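Peer 1: A structural model of the following input is requested.
(2 chains)
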Amino acid sequence: MSRYVESTSEEALVSRSARGDEQAFGVLVERYKGMLYSMARRLMKDPGRAEDAAQESFIKAWAALPGFKGESKFSSWLYRICYNTCISELRRRRPEVELDEAMGVPVEGPVQEFRNRDILATIQEEVSRLPDDYRAALTLYHFNGLSYEEIAKLTHKPMGTVKAHIHRARAALKARLLERVGWDNLKEVMWQ
Amino acid sequence: MNCEEVRRTVQDYVTRELSPENRRLFDTHLVECAECQRELALMTALVSTLDHQTVLAPSPGFGEKVLAALPKQRRCFPSPWWSLALAPLLAGLVWLFRVPLERGMVHVAGRVGLDGFTLPAVSYQQVGIAAATIVGLGLLVAVGGVVFCWRAYLQE
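Peer 2: Numbering: from 1, shown residues only, chains lettered A, B, ... in the order given. Here you go, the predicted structure:
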């Protein structure tokens, strides 16, 4: 992979991958594996299934790359493949597995956020209990940074529905957090 | 704005989707309501936490596993120049059917009013040289394509 340094443009890598260059595709896999796996993990919850879904998404992307015309960003195109893979997998197999550490611990960020491990674990657990549609919308919005419009396109749902799902998901998380941790405890850890 | 309205719009306030006018009303209410201040602090922390989720790493060797699982059919760098490889075939066909082709052209010329049309007189030797040149060029392109594909295959 020495020929492909970090600075190689994404456009060039995508173009070479579309022509069957596995080495170039390998660089794209390295660049996006974290994002795709994290997204799959948050949607699927089970680490093993998430990894399978991420791998399947990359294989699907490889097969579909010759048809990728660059009308959208490569990352958005990849997210769409991953989202569709996860959703069809979720529909196929309903049983859910307990998750651990899916939320992770933020390395850095604004002061006004939860950093306490227990709180993060609680949020993560409550996110995993949200209905699939709510969890998907919440993940695409907060983690993948997609807009309401982009999520609506990707999930084939009206924009109002997407926004409502995100709002209800946050409201549910807040209520569960208050219920489980209590305001006094939250206040203590909120600005640690 | 009352407490109920603040609770209904607190998420839009945090994500900056509230209109300036409603934002001002929200702020005004907030100054005098400790309960709503708590609501805002909690939602701000929650949204911020959700925004700053870390990128998780798949198991080591994930990238290698993906590459190993790719279908092994090779895509051979399609290029418009590849069509030139068809030149030998085309030249061969023209050579084989040169007599009916010539008759056909004279017939068509007669139908469109070009009586007396004849092809320029060329010797078989000249036609042979032209055909050999086209065949040679086509072969060159075909060999080049094969070498190119082979090198790409070895690099993978």
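Peer 1: hey, let's count contacts and neighbours off CA atoms from now on
Peer 2: Noted.
Peer 1: now do the helix or strand where residue B:21 lies, average pLDDT.
Peer 2: Using DSSP states H and E, residue B:21 sits within helix B:20-32. For helix B:20-32, mean pLDDT is 90.
Peer 1: try stretch B:43-51
Peer 2: 87.
Peer 1: next, give phi and psi for residue A:72.
Peer 2: Per-residue torsions, residue A:72: phi -120, psi 170 (degrees, to the nearest 10).
Peer 1: can you check residue B:19 too?
Peer 2: The phi/psi pair for residue B:19 (degrees, to the nearest 10) is phi -60, psi 160.
Peer 1: for the most centrally placed residue in chain A, give me its contacts.
Peer 2: Nearest residue to the geometric centre of chain A (Cα atoms, centre = their mean): residue A:39, 2.1 Å. Shown in contact with residue A:39 (Cα atoms under 8 Å, 6 or more residues apart in numbering or on different chains): A:82, A:139-140, A:143-144.
Peer 1: buried residues in stretch A:125-142, which are they?
Peer 2: By 16 or more other Cα atoms under 10 Å in any protein chain shown, the buried positions in stretch A:125-142 come out as A:125-128, A:130, A:132-142.
Peer 1: where's the residue in chain B positioned nearest to chain A relative to residue A:120, distance?
Peer 2: Of all residues in chain B, the one sitting closest to chain A is residue B:45 (4.2 Å; Cα to the nearest Cα). Counting by Cα to Cα, to the nearest Å, the gap from residue B:45 to residue A:120 is 11 Å.
Peer 1: ok, now residue A:140?
Peer 2: From residue A:140 to residue A:120 the distance is 19 Å (Cα to Cα).
Peer 1: which residues are contacting stretch B:32-44?
Peer 2: Contacts of stretch B:32-44 (Cα under 8 Å, 6+ apart): A:112-113, A:174, B:3, B:6-7, B:10-11, B:14, B:30-31.
Peer 1: tally up the residues packed near residue A:154, please.
Peer 2: 18 (other Cα atoms under 10 Å in any protein chain shown).
Peer 1: host element of residue B:147?
Peer 2: helix B:124-155.
Peer 1: what comes up buried for that helix?
Peer 2: B:131, B:134-135, B:137-139, B:141-142, B:145, B:149, B:152.
Peer 1: then stretch A:142-156?
Peer 2: Buried, per 16+ other Cα under 10 Å, within stretch A:142-156: A:142-144, A:146, A:148, A:150-152, A:154-155.
Peer 1: over to stretch B:24-33?
Peer 2: Buried residues in stretch B:24-33 (16+ other Cα under 10 Å): B:26, B:29-30.
Peer 1: which parts of chain A belong to which domain?
Peer 2: Domain ranges of chain A: A:1-97, A:102-192, per automatic domain parsing.
Peer 1: out of those domains, which gets nearest to residue B:106?
Peer 2: domain A:1-97 (45.9 Å; Cα to Cα).
Peer 1: next one: the closest one to chain centre, how far?
Peer 2: 12 Å (Cα atoms, centre = their mean, to the nearest Å).
Peer 1: what's the mean pLDDT across it?
Peer 2: Mean predicted lDDT for domain A:1-97 stands at 83.
Peer 1: try stretch A:150-166
Peer 2: Stretch A:150-166 comes out at a mean pLDDT of 93.
Peer 1: which residues touch that stretch?
Peer 2: A:80, A:133-134, A:137-138, A:140-141, A:148-149.
Peer 1: assign residue B:59 to helix, strand or coil.
Peer 2: coil (DSSP: H, G, I helix; E, B strand; the rest coil).
Peer 1: okay, it: pLDDT?
Peer 2: 88.
Peer 1: re the thing from before, the residue of chain B closest to chain A: how many residues sit nearby?
Peer 2: For residue B:45, the neighbour count with other Cα under 10 Å is 22.
Peer 1: helix or strand for it, which one?
Peer 2: Going by DSSP H and E, residue B:45 is part of helix B:34-51.
Peer 1: let me know the angle separating that helix from helix B:20-32.
Peer 2: Between helix B:34-51 and helix B:20-32, the angle comes out at 120 degrees (axes from the mean of the first three to the mean of the last three Cα atoms, to 10 degrees).
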